[in-house]
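Student: build me a model:
(one chain, ligands or ions: 2)
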Amino acid sequence: MAEIRHKALAGILEHSNGGSMPQKRSSKRKISEIFGENVFDMNTMKEYLTEGAYYAIVAAKKHNKKIEIETAETIAKGIKKWAMDMGATHYTHWFQPLTGGTAEKHDAFYKPSSNANGIENLTAAELIQREPDASSFPSGGLRSTDAARGYTVWDPTSPAFILEVETGKTLYIPAVFISYTGECLGYKAPLLKSIEAISKAATDVYHYFDDTVQSVIPTLGCEQEYFIIDAGLFEARPDLMLTGRTLFGRKSAKGQELDDHYFGVIPERVQLFMNDLEEESLKLGIPVLTRHNEVAPSQFEFAPMYEELNVANDHNMLVMDLMHKVARKHNLRILMHEKPFHGLNGSGKHNNWSMATDTGINLLSTGNQPGNNLPFITYFINIIKAISVNADVLRASITGPGNDHRLGANEAPPAIISVFTGSEMAKLLDEFEKTGLNPNAPEGNPKLELDIPKIPSAILDNTDRNRTSPFPFIGNRFEFRAAGSTQNCSLPMMTLNTMVADQLILFKKSVDAKIAEGTDKVAAITEVLQGYIRESKDIIFNGDGYSEEWEKEAEKRGLANVKTTPYALDALITDQAKSLFERNNVLSRRELVARYDVLQEIYVNKISTEACLVKELALTHIIPAAIDYQSKLIGLFKGYQDMGLDTACKDVKNQIEEIHSHTHAIRESIAQMDSAGEKLHSCTSTSDEAKMLNDSVKPFFDIIREHADSLEVLVDDSNWKLPKYRELLFIK
Ligand code: ADP
Ligand code: MG
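Tutor: Residues are numbered from 1 along each chain as shown. Ligands and ions are numbered 1, 2, ... in the order given. You can find the predicted model right below:
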């Protein structure tokens, strides 16, 4: 019987009557008091470190200087003292393996010694390097099974922090993850290398305009979309528990058509969760700013203020972990998957990305007079050019079985990579291509005079918004909207940084060559940029990215439109991609191929899990519910027959037959899916397996689902075992 579902529903009813609903836990303290209290940040460092150690960290952050072992000893003492003052008993390196999540291995400060009391200690060696068992993490062949060693190495540019659970506190030390041979096994090390590449290239170019600028850093603001549902209902859905998405479920009578969820009132239960999450985030120095409902029912967004990229990405990874932890306390569950519900919007992670100088200038800020702002125009055009040259590599960086349901499925944004500039910037590019800088370019942003008494005129942004573009310009930054909500954004950000760094290096070479030939600097820059505008026109698209016309137009322009992961990933192992990452010292060829293999392997594992579960749920949940109900109908049929009610008998018989046609089709499709799956044995590589699953097995998911979803409205509600969409989405 459908007991779990009904118990879960009864449980919620109890909550909403005031039963065991968790009450607001967050304190009344001011944000400024809470912010960063569990972080070993620059202020805390001043208190706990010697001046020399403090400046060594500043130099590592600002100028990529390595920290000497003697200094590390002092820093280790300082961090340990702080952590113990805060009540921590353990420490862990915190790293980001290629699984996509985060990983940790805790050790106690306490070490037994000949002295009966033992000592509590953290040495420089322990701070700098730990050795988790690398064999538990995917390496894509970088590590052979018999050589399990892997190391985590401290990243001094991202601050250590303390996480607390009921039973104690632990010091977390952000770290990179490498193999015994020094190759990157995780996401952070190549991200750091790409940051160095883009910082250097962007600084070198900036010296054309101002040679007092010493460094440029990329910045990131991650908008995280997610769904939130009741824990009881979640646990009654094995598909959500094991795959993160609903493999079955008929669209609810009401969905997102009315758009009434977006900017509607946040439900109280969710608001309590958000308050708690925000407090926990603030303690960890995560600058939470914005929260709002999203388009689909039960969908929300969390957006912190942007920070330097490495820290922003760590913070995003941390927030994802925190969200799950905090939700549990509220009897809620977070669905981070890119497409938990069929027929409703999925979730993305919008990467707002820009670059800033050490003097505080945002390189993508248009300034007062964009048409006459050469630094802005230089970076703006170089970024567009970089995307046009390496669009397929950027596309590969946002693949994943979850994101396949968003990209290329008539949902923002499409699998075609293009850049939205907005009409103002399109005009600017046009003019710049023809006549170069315009000293008489219009100043300031256009004003919108409102004919409403007492309401001041609004200042328009210099771009409109385009929610259908994967890479729109938003007035002072680009927003890479195509990344998936579950993703570690290191991969897309590392790819973008590398592409742009590479482009800026080429740009500088071309400009320097012209200057060497005697061309004036501004003219040289202008000529090179004008050439780029001509070469990059095809990547710019300012229309509706969801439309069919765009697909056709993009095809004419020769833009790739690869809709599924196993094929999109192939762009990572072309010579062009290998050389791109290698020459910018971000990933060696071997490391890149290893990443490709890991991503294909993850695809294979996830689709195989889904295939098993589609079969299991169909056979153990859907069909039995249908049969149960059928047997009731058979009883009814016999009753009608005894009473001589022919028409009633005919109706019931039809009903029985209709149900049977679907259960039969499900069984048939499962048999076909199983035999398609047999081909897996003859595949010779992981990438072949991924492609086979994509082409021959996955299509059955939809066929089986269609029949199962049809049964959902034929079978008595009391027999149905899986919580329905309306319950998952609308009951809080
Ligand atoms: P939206 O209306 O697109 O949902 P939000 O306000 O939710 O916008 O999020 C915008 C994000 O862009 C924030 O994280 C914000 O800090 C970030 N952002 C703003 N300026 C920059 C910048 N210069 N570099 C990187 N990110 C930025
Ligand atoms: Mg937002």
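Student: let me know whether D230 touches F730 as I believe.
Tutor: No: with contact defined as CB atoms under 8 Å, D230 does not count as touching F730 (10.6 Å). In short, each C-beta sits where N, CA and C put it, glycine included.
Student: near ligand 1, which residues of this structure?
Tutor: 219-221, 223, 290, 303-306, 352-354, 362, 476-477 (CB under 6 Å from any ligand atom).
Student: ok, now with 8 Å
Tutor: 219-223, 289-290, 292, 301, 303-306, 312, 350, 352-354, 356, 362, 364-365, 465, 474, 476-477, 479 (CB under 8 Å from any ligand atom).
Student: more neighbours, D230 and F730?
Tutor: Higher neighbour count among D230 and F730: D230, with 24 against 14, using other CB atoms under 10 Å.
Student: break this structure into its domains for me.
Tutor: By the assignment in automatic domain parsing, the chain contains the domains 35-185, 602-730.
Student: would you list the ones you listed in JSON lines and tack on mean pLDDT?
Tutor: Formatted as JSON lines, these follow (pLDDT from 0 to 100):
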{"stretch": "domain 35-185", "mean pLDDT": "86"}
{"stretch": "domain 602-730", "mean pLDDT": "97"}
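Student: same list, these, but as a markdown table with distance to ligand 2 please.
Tutor: A markdown table is the format used below for these (distance: least, CB to the ion, whole Å):
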| stretch | distance to ligand 2 |
| --- | --- |
| domain 35-185 | 21 |
| domain 602-730 | 21 |
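Student: residue ranges with poor pLDDT in the stretch 351-500 of the chain?
Tutor: For the stretch 351-500 of the chain, the stretches with pLDDT under 70 are 408-412, 444-466.
Student: distance of the closest residue to ligand 2 within it from A426?
Tutor: Nearest to ligand 2, among the residues of the stretch 351-500 of the chain, is N352, at 8.9 Å (CB to the ion). Distance, N352 to A426, using CB to CB, to the nearest Å: 21 Å.
Student: low-confidence ranges in the stretch 201-350 of the chain?
Tutor: 256-264.
Student: show me where the stretch 601-732 of the chain has its helices.
Tutor: In the stretch 601-732 of the chain, the helices defined using DSSP state H, counting those that start in this stretch lie at 623-643, 646-677, 686-692, 699-712, 725-730.
Student: please name the bridge partners of the residue of the stretch 351-500 of the chain closest to ligand 2.
Tutor: Beta-bridge partners recorded for N352 (DSSP bridges): G221, E479.
Student: list buried residues within the residues of the chain next to ligand 1.
Tutor: Taking 16 or more other CB atoms under 10 Å as the criterion, what is buried in the residues of the chain next to ligand 1 is 219-223, 301, 303-304, 306, 312, 350, 352-354, 356, 362, 364-365, 474, 476-477, 479.
Student: rewinding a little: check contacts around the residue of the stretch 351-500 of the chain closest to ligand 2.
Tutor: Shown in contact with N352 (CB atoms under 8 Å, 6 or more residues apart in numbering): L220, G221, C222, E223, Y306, I474, R477, F478, E479.
Student: does the fourth one touch F300 like I think?
Tutor: Pointing back at E223 there. No: under the criterion of CB under 8 Å, E223 is not in contact with F300, lying 10.9 Å apart.
Student: what's the neighbour count on D642?
Tutor: D642: 8 neighbours (other CB under 10 Å).
Student: sorry, slip of the keys, the one I care about is D597.
Tutor: D597 has 22 neighbouring residues, counting by other CB under 10 Å.
Student: and the closest residue to it other than its chain neighbours, helix, strand or coil?
Tutor: Closest residue to D597 apart from its sequence neighbours, by CB to CB, 6 or more residues apart in numbering: G140 at 3.8 Å. Put simply, G140 is coil when judged by DSSP: H, G, I helix; E, B strand; the rest coil.
Student: closest residue of the stretch 151-300 of the chain to ligand 2?
Tutor: E223 (4.4 Å).
Student: pretty sure that residue sits in a strand.
Tutor: Yes: counting by three-state DSSP, E223 is located in a strand.
Student: now H350: closest residue in space, sequence neighbours ignored.
Tutor: Excluding the flanking residues, the one nearest H350 by CB to CB, 6+ apart is E223, at 4.1 Å.
Student: which residues does that neighbour contact?
Tutor: Residues in contact with E223, defined by CB under 8 Å, 6+ apart, are T290, E301, F302, A303, K349, H350, N352.
Student: dihedrals phi and psi, the third one?
Tutor: With angles defined as degrees, to the nearest 10, F302 sits at phi -130, psi 120.
Student: how near is the nearest residue to it once chain neighbours are set aside to M317?
Tutor: Spatial nearest neighbour of F302, excluding adjacent residues (CB to CB, 6+ apart): Q224 at 4.8 Å. From Q224 across to M317, the span is 11 Å (CB to CB).
Student: so which strand or helix has the nearest residue to D155 once chain neighbours are set aside?
Tutor: Take D155 and drop its neighbours on the chain: the residue closest to it by CB to CB, 6+ apart is P174, 4.7 Å away. P174 is part of strand 168-179, with elements assigned from DSSP states H and E.
Student: can you name the next helix or strand after that strand?
Tutor: Of the helices and strands lying after strand 168-179 in sequence (DSSP H and E), the nearest is helix 188-206.
Student: how far is that following helix from where the chain is centred?
Tutor: 21 Å (CA atoms, centre = their mean, to the nearest Å).
Student: stretch 518-531 too?
Tutor: Using CA atoms, centre = their mean, the offset of stretch 518-531 from its chain centre is 38 Å.
Student: rewinding a little: among the residues of the chain next to ligand 1, which are in helices?
Tutor: Using DSSP state H, A312 are the members of these that sit in helices.
Student: return the residues in contact with L171.
Tutor: Neighbouring residues of L171 by CB under 8 Å, 6+ apart: I79, K80, A83, A88, H90, Y91, T92, A160, F161, I162.
Student: if we can go back for a sec, can you report how many residues lie near the residue nearest to D597?
Tutor: 21.
Student: same deal with S682?
Tutor: By other CB under 10 Å, neighbour count at S682 equals 9.
Student: mind listing what it touches?
Tutor: Counted by CB under 8 Å, 6+ apart, S682 has zero contacts.
Student: can you tell me how far it is from A83?
Tutor: Distance from S682 to A83, by CB to CB: 54 Å.
Student: one more: P624?
Tutor: As for P624, its distance to A83 is 54 Å (criterion: CB to CB).
Student: before we move on, the earlier item: for my notes, please list the contacts of L171 in TSV and give secondary structure for each entry.
Tutor: Shown next, in TSV, are those (three-state DSSP):
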residue	secondary structure
I79	helix
K80	helix
A83	helix
A88	strand
H90	strand
Y91	strand
T92	strand
A160	coil
F161	strand
I162	strand
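Student: any idea which of these is closest to S631?
Tutor: The closest of these to S631 turns out to be T92 (CB to CB; 55.2 Å).
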